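Q: pasted the sequence and its predicted model underneath.
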Amino acid sequence: MKIKWLFVVSLILLTVFSSSTFYLLWSTQQNEVSDTETLFQLEAFNTLCAGNYDGCLTYEELAEHGDFGIGAFDKMDGEMIALNGIFYQIPIDGNPRQVEPSMTTPYATVTFFEADETQTLTNPANYSEVQTIIQNVMPSENAIYAIKISGNFLYAKTRSVPPQVKPYPTIEDVVKNQSVFDLNNVSATAVGFWFPNSMDGVDYAGFHLHLITDDGSAGGHLLEFTIENATIELDQTKNFNLVLP
């Protein structure tokens, strides 16, 4: 009888252990897959716009969730762009610098970029025309897309914003004191996202792009441009992870 019970108990423990091991392996594999298909966002866009500019996540922590994206800094001190795993700050003077891991952000959207769709353009096209081209190749306008546009920018207008002091103003007042930069004939890459209208407020609905020149000499939030010899890459993001500070 004792031998029989020992056999039953051993069988139960083996079953539980095997199931747990399978679950852990499955979870690890799922995480490895989903990390490349997930957009990580810190703070809702409407919350940022209302004046919540205190950094609450370090860039070292943010880099664990993506190597590509856009965002802001503590007190809204400039514009952030992440490309190929390098995070840049474009401050009010317009001169990009690499972000220190200990710096913090109040808002950011990042992912691990893997292109699902690629389009090439030879002839010059402006921002509005590029938007139309991208929308025409989107499988659905109800999805989220990471967007990368590289090429020769015949013209690009970018901006950056200064650091703010408490009580923080709304974003409308912040941009009244923005610096605007006019760039001509630069090789550069635009990084950003498309959010559907149904997610307006969660993030900025439509196109939201930041720019960095290939030589790292200029950049900022992208307002307008004309580009030629362009490569447009889209990465449809299937999962969305919003963290509320």
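A: Sure, I can see it.

Q: list phi and psi for R159.
A: Phi and psi for R159, reported as degrees, to the nearest 10, are phi -150, psi 160.

Q: now S187: which helix or strand?
A: Per DSSP states H and E, S187 falls inside strand 179-195.

Q: what's that strand packed up against?
A: Packing partners of strand 179-195 (3 or more CB pairs under 8 Å, 6 or more residues apart in numbering; DSSP states H and E): strand 68-71, strand 79-83, strand 144-160, strand 206-213, strand 219-237. Where you see a C-beta, it was placed from the backbone N, CA and C, and this is true even at glycine.

Q: dump those strands to a markdown table, plus distance to I171.
A: Below are these laid out as a markdown table (distance: least, CB to CB, whole Å):
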| stretch | distance to I171 |
| --- | --- |
| strand 68-71 | 14 |
| strand 79-83 | 13 |
| strand 144-160 | 12 |
| strand 206-213 | 13 |
| strand 219-237 | 11 |
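
Q: redo those as CSV? Include mean neighbour count and distance to T47.
A: As requested, those are exported to CSV (neighbours: other CB atoms under 10 Å; distance: least, CB to CB, whole Å):
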stretch, mean neighbour count, distance to T47
strand 68-71, 24, 14
strand 79-83, 26, 17
strand 144-160, 21, 18
strand 206-213, 21, 16
strand 219-237, 20, 18
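
Q: just how off-centre is the strand holding S187 within its chain?
A: The chain centroid and the centroid of strand 179-195 are separated by 15 Å, computed with CA atoms, centre = their mean, to the nearest Å.

Q: in its sheet, which strands sit next to that strand, and in what direction?
A: Strand pairing for strand 179-195, using DSSP bridges, gives strand 144-160 (antiparallel), strand 206-213 (antiparallel).

Q: for the helices and strands packed on strand 179-195, which one sits closest to T105?
A: Closest approach to T105 among the helices and strands packed on strand 179-195 (CB to CB): strand 68-71, 5.2 Å.

Q: what's that closest one in contact with?
A: 42, 62, 79-84, 105, 107-113, 146, 148, 191-193, 208-210 (CB atoms under 8 Å, 6 or more residues apart in numbering).

Q: within its sheet, name the partner strands of it and how each one runs.
A: With DSSP bridges as the criterion, the sheet partners recorded for strand 68-71 are strand 79-83 (antiparallel), strand 108-111 (antiparallel).

Q: do you know which of the ones you listed lies nearest V99?
A: Nearest of the strands paired with strand 68-71 (CB to CB): strand 79-83, 7.0 Å.

Q: got a list of contacts for the closest one?
A: 63, 66-73, 87-90, 99, 105, 108, 110, 148, 159-161, 189, 191, 210-212, 219-221.

Q: check stretch 230-240 too.
A: Here stretch 230-240 makes contact (CB under 8 Å, 6+ apart) with 34, 37-39, 41, 111, 113-121, 125, 130, 133-134, 137-139, 143-152.

Q: what subset of the residues you listed is buried?
A: Neighbour-count burial (16 or more other CB atoms under 10 Å) applied to the contacts of stretch 230-240 gives 38-39, 41, 111, 113, 121, 125, 130, 134, 144-151.
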